[in-house]
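A.B. asks: structure of the sequence below:
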Amino acid sequence: MSIERKKLTRRQVLKSGIAASTFWAASQMSFKPGGLMAYVPDNPKGERPERDPSIQVLHPRKRIPLSFIIDDSTCLVNMGHYCMPQFAAAWPKREIYKKPWKTWPREIPDSFVREFGEWCHDNKVKGKYSIVPNPACVGWLDRDLPGWSRKDLQDSLKLVRELMMPDWDIHPEMITHTRVIDIKTGRPFEEINAHTMENSFPRKKISVDYLASYLEYALKILKNCDLPCEGITTPGGFGSFVKSELGLASYQSVKRVFNPEIPHYFKYVAGGKESTEPMVEHVKGLKTENPQLVVNIPAGTGDWFGGWDGDLKSQGHKYSNDDATQGRMVELIERGDPAIMLCHWPGMYSQGTLEGYKDFQRVVKALNTRFKDSTQWMKLSTIARYWACKELTERKRKENTLFLNAPFSCPDYTLQTSYGGKAKPVWEYKDQKKPLQLVQKSSELKEGTFLQEGNKTILCIQLPKGKSKLTLA
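C.D. replies: Numbering: from 1, shown residues only. This next block holds a predicted model:
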C-alpha cells in the first residue's frame, strides 16, 4: 500500500487523542475510491515455500467465500446499553455517547439468539460470533452475571455451545470491551480515560509478552465456559499502536490456551478497492512439524444493520439490494474477492424491533438466490486454514505431474493449471491412489473431481498434510 493512502482500522484510526471506538462514524462512510479504506498493516510475512507460478490456487471449489462477522455479542448482556455510559465517562465531550441508553433494553434474550441461529443454520450462513468474557464489567461468564440467575447464565452458554458453535467461530472481544483490566488483580484500573479503555488500548508500545498475557486472560475465561477459540477479535482500536505485536500475541495466546493448528484474528476492514484476501503473517519454522503463523482476516463491509449500539436505522441495501444487483457484498462477489459482512449484535436486535435482523434476512436471501452456484458460507477458521494452505503449500511441476507438500490438511483445495491434452488426473498420497472424476461445470466441483475449461484443468482435492501428487495423464 502506498504511504499516501488513507489508513483506518475498522472503528477509526487513533490520532490526536480521538478514541478508536468511533466506528459509528467510520461505518457510515461509503465504500468507494476515496471513501473508507482499510489499513493493511505491513506485518512481517515470514517464510514462504517454493510455489510454481504455473499452478494457481483458486477459491475452494471455485466458489467465493462468504462469511458474517458479528461483534459485541455475548451472553444476555446488551452491550449497547451497558457500554454507552462507560464510553461517555471516558470521552465526556463526545456527542455520540450522550444517547438515552437508560431507555434501551439491558438484555438481548436467548430467544432471539435461538431464532437467529436456527435461521442462519437453515440458510447455511456461517461466520464469527464474539463472546465478551466480562461484558462491560457486568460479571464474569465463568462465574456469575449479576442481574441474571446462575441458571440463566448456564442456559445461555449451553445455547452458544450447542446452537452457535457448529456454524460460528467463537472469539473473545478482549476481557470487557470497555474498561482495561489489571490482570494482576482482575479489577479495572481506577482511572477512566482513553488510556484505560480497551477500545484504545494500549496507547504506547508494549511487549508482545504483556499483550499475549492480556489476550490469554480473556481466552482462559472462555475456556472455563467450554467455548473453544481459534482466534480473537479486537474491540475497536485495541492494538492499533502495536500492529505487528498484536499478530504475534494473537498467535501466542490462542496457541497456549487452545492449541489450534492455525490461529487467526479479526481487526481490519478492507474498503474501496482494497483486497479482502486474508494475510498469512509471522510464518516461522515452515519445514518443521508445527509451523508458527497467524492469519489476519479482514471484513469487507461497514456496519449498516443498526450500528454498534443498535440505535441507528438499518440500511441493509448497502450490503445488497433485494435482487443482489447492487451493494458492497455484490461488488466483492462480482470482482471475485472474499465477501465478509460485518455488524454488531445490538444492531441485529435493534432495541427489540429486530429491524437489523430482518434486513439481514433479506440480504442473505438475495445473495443465496443470485449467487447460489458461485459462493459458499464459511467460518473464519475455515477461511484461515484455506489461506494458510494456499500461501504455504509447496507447489512444483515436472511435465504433467504436480507435486504438493502441505504443512496442514485442507478441505476443498482447488488448483488450476494449463494442460494441452485430455486430462485423466490421478491423486496419490502415500500408498493411496485415486482417479478424479470429471464434472461438466464449476458448480459441480467437489473433492475428488476435476473440470476442463479450454486448456485449463481445475482440480479439487482433500489436501493432506505432507507430500502428495497429482498426475494429469
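A.B. asks: now do the helices in the protein.
C.D. replies: For the chain, helices defined by DSSP state H occupy the ranges 23-27, 79-90, 110-122, 150-159, 208-224, 243-258, 328-334, 345-349, 355-370, 380-392.
A.B. asks: can you say which of these is packed in most?
C.D. replies: Ranked by mean neighbour count, the helices of the chain are led by helix 345-349 with a mean of 27 (mean count of other CB atoms under 10 Å). C-beta here means a position set from N, CA and C on the backbone, and glycine is covered the same way.
A.B. asks: now for that helix, which elements pack on it?
C.D. replies: strand 64-71, helix 79-90, helix 110-122, helix 355-370 (3 or more CB pairs under 8 Å, 6 or more residues apart in numbering; DSSP states H and E).
A.B. asks: can you list the ones you listed in CSV and add mean pLDDT and distance to A339?
C.D. replies: Shown next, in CSV, are the helices and strands packed on helix 345-349 (pLDDT from 0 to 100; distance: least, CB to CB, whole Å):
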stretch, mean pLDDT, distance to A339
strand 64-71, 98, 5
helix 79-90, 97, 26
helix 110-122, 98, 16
helix 355-370, 98, 8
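A.B. asks: out of these, flag the one nearest K434.
C.D. replies: When these are ranked by proximity to K434, the top entry is strand 64-71, at 25.9 Å, counting by CB to CB.
A.B. asks: got the buried residues for the closest one?
C.D. replies: When neighbours are counted by 16 or more other CB atoms under 10 Å, the buried residues of strand 64-71 are found to be 64-71.
A.B. asks: run the angle between that strand and helix 79-90 for me.
C.D. replies: For the pair strand 64-71 and helix 79-90, the angle between their directions (axes from the mean of the first three to the mean of the last three CA atoms, to 10 degrees) equals 60 degrees.
A.B. asks: check which helices and strands strand 64-71 sits against.
C.D. replies: Packed against strand 64-71, as judged by 3+ CB pairs under 8 Å, 6+ apart, are the following elements: strand 127-130, helix 328-334, strand 339-344, helix 345-349, strand 375-377, helix 380-392.
A.B. asks: so can I have CSV of the ones you listed showing mean pLDDT?
C.D. replies: Shown next, in CSV, are these (pLDDT from 0 to 100):
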stretch, mean pLDDT
strand 127-130, 98
helix 328-334, 98
strand 339-344, 98
helix 345-349, 98
strand 375-377, 98
helix 380-392, 98
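A.B. asks: in a markdown table, list those along with distance to M165.
C.D. replies: A markdown table is the format used below for the helices and strands packed on strand 64-71 (distance: least, CB to CB, whole Å):
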| stretch | distance to M165 |
| --- | --- |
| strand 127-130 | 8 |
| helix 328-334 | 25 |
| strand 339-344 | 19 |
| helix 345-349 | 16 |
| strand 375-377 | 15 |
| helix 380-392 | 11 |
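A.B. asks: now C75: closest residue in space, sequence neighbours ignored.
C.D. replies: What sits nearest to C75 in space, not counting adjacent residues and going by CB to CB, 6 or more residues apart in numbering, is S156, at 4.0 Å.
A.B. asks: would you mind measuring from that neighbour to V426?
C.D. replies: Here S156 is placed at a distance of 51 Å from V426 (CB to CB, to the nearest Å).
A.B. asks: follow-up on the earlier one: so which of the helices and strands packed on helix 345-349 is nearest K398?
C.D. replies: Ranking those by proximity to K398 (CB to CB) places strand 64-71 first, at 31.1 Å.
A.B. asks: if we can go back for a sec, out of the helices and strands packed on strand 64-71, which gets nearest to N259?
C.D. replies: That would be helix 380-392 among the helices and strands packed on strand 64-71, by CB to CB, at 13.5 Å.
A.B. asks: using CSV, list the CA coordinates for the closest one.
C.D. replies: Extracted in CSV, the C-alpha atoms of helix 380-392 (Å, rounded to 0.1, in the frame of the first residue of the first chain):
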residue,chain,number,x,y,z
LEU,A,380,-13.4,-17.7,9.8
SER,A,381,-11.3,-20.7,11.0
THR,A,382,-12.1,-22.5,7.7
ILE,A,383,-11.1,-19.4,5.7
ALA,A,384,-7.9,-19.1,7.7
ARG,A,385,-7.0,-22.8,7.0
TYR,A,386,-7.6,-22.4,3.3
TRP,A,387,-5.4,-19.3,3.0
ALA,A,388,-2.7,-20.8,5.2
CYS,A,389,-2.6,-23.8,2.8
LYS,A,390,-2.8,-21.5,-0.3
GLU,A,391,0.2,-19.5,0.9
LEU,A,392,2.3,-22.2,2.5
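A.B. asks: what's next to that helix, contact-wise?
C.D. replies: 48-49, 57, 60, 65, 67, 69, 126-128, 169, 230-231, 260-264, 266, 277-278, 280, 283, 286, 291, 293, 295, 297, 338, 378, 406-413, 463 (CB atoms under 8 Å, 6 or more residues apart in numbering).
A.B. asks: wait, Y217 sits on I181?
C.D. replies: Yes. Under the criterion of CB atoms under 8 Å, Y217 is in contact with I181, at a separation of 7.0 Å.
A.B. asks: find residues that contact each of these two.
C.D. replies: Overlap between the contact sets of Y217 and I181, as judged by CB under 8 Å, 6+ apart, is given by I175.
A.B. asks: list the contacts for P235?
C.D. replies: If you count contacts by CB under 8 Å, 6+ apart, P235 has them with 21, 71, 173-174, 177, 198-199.
A.B. asks: now, which of the residues you listed sits nearest V208?
C.D. replies: Within those, distances to V208 taken as CB to CB reach their minimum at M174, with 16.1 Å.
A.B. asks: measure how buried that closest one is and give me the count.
C.D. replies: Using other CB atoms under 10 Å, the number of residues around M174 comes to 27.
A.B. asks: my guess is it contacts L219. True?
C.D. replies: No. Counting by CB under 8 Å, M174 does not reach L219; the two are 10.1 Å apart.
A.B. asks: now list whatever residues contact both of those two.
C.D. replies: I232.
A.B. asks: wait, S409 touches Q462, no?
C.D. replies: Yes. With the criterion set as CB under 8 Å, S409 and Q462 qualify as a contacting pair; they are 7.3 Å apart.
A.B. asks: hang on, the earlier thing: can you add distance to G347 and give the helices and strands packed on helix 345-349 back as CSV?
C.D. replies: Putting the helices and strands packed on helix 345-349 into CSV (distance: least, CB to CB, whole Å) gives the following:
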stretch, distance to G347
strand 64-71, 9
helix 79-90, 8
helix 110-122, 12
helix 355-370, 4
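A.B. asks: before we move on, back to that, could I get the buried residues of strand 64-71 as JSON lines with distance to E115?
C.D. replies: Formatted as JSON lines, those follow (distance: CB to CB, whole Å):
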{"residue": "I64", "distance to E115": "28"}
{"residue": "P65", "distance to E115": "25"}
{"residue": "L66", "distance to E115": "21"}
{"residue": "S67", "distance to E115": "20"}
{"residue": "F68", "distance to E115": "16"}
{"residue": "I69", "distance to E115": "20"}
{"residue": "I70", "distance to E115": "14"}
{"residue": "D71", "distance to E115": "19"}
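A.B. asks: of all these, which comes closest to W148?
C.D. replies: Closest approach to W148 among the buried residues of strand 64-71 (CB to CB): I70, at 20.8 Å.
A.B. asks: skip the chain neighbours and tell me the closest residue to the closest one.
C.D. replies: The spatially closest residue to I70, leaving aside those adjacent along the chain, is Y129, at 5.0 Å (CB to CB, 6+ apart).
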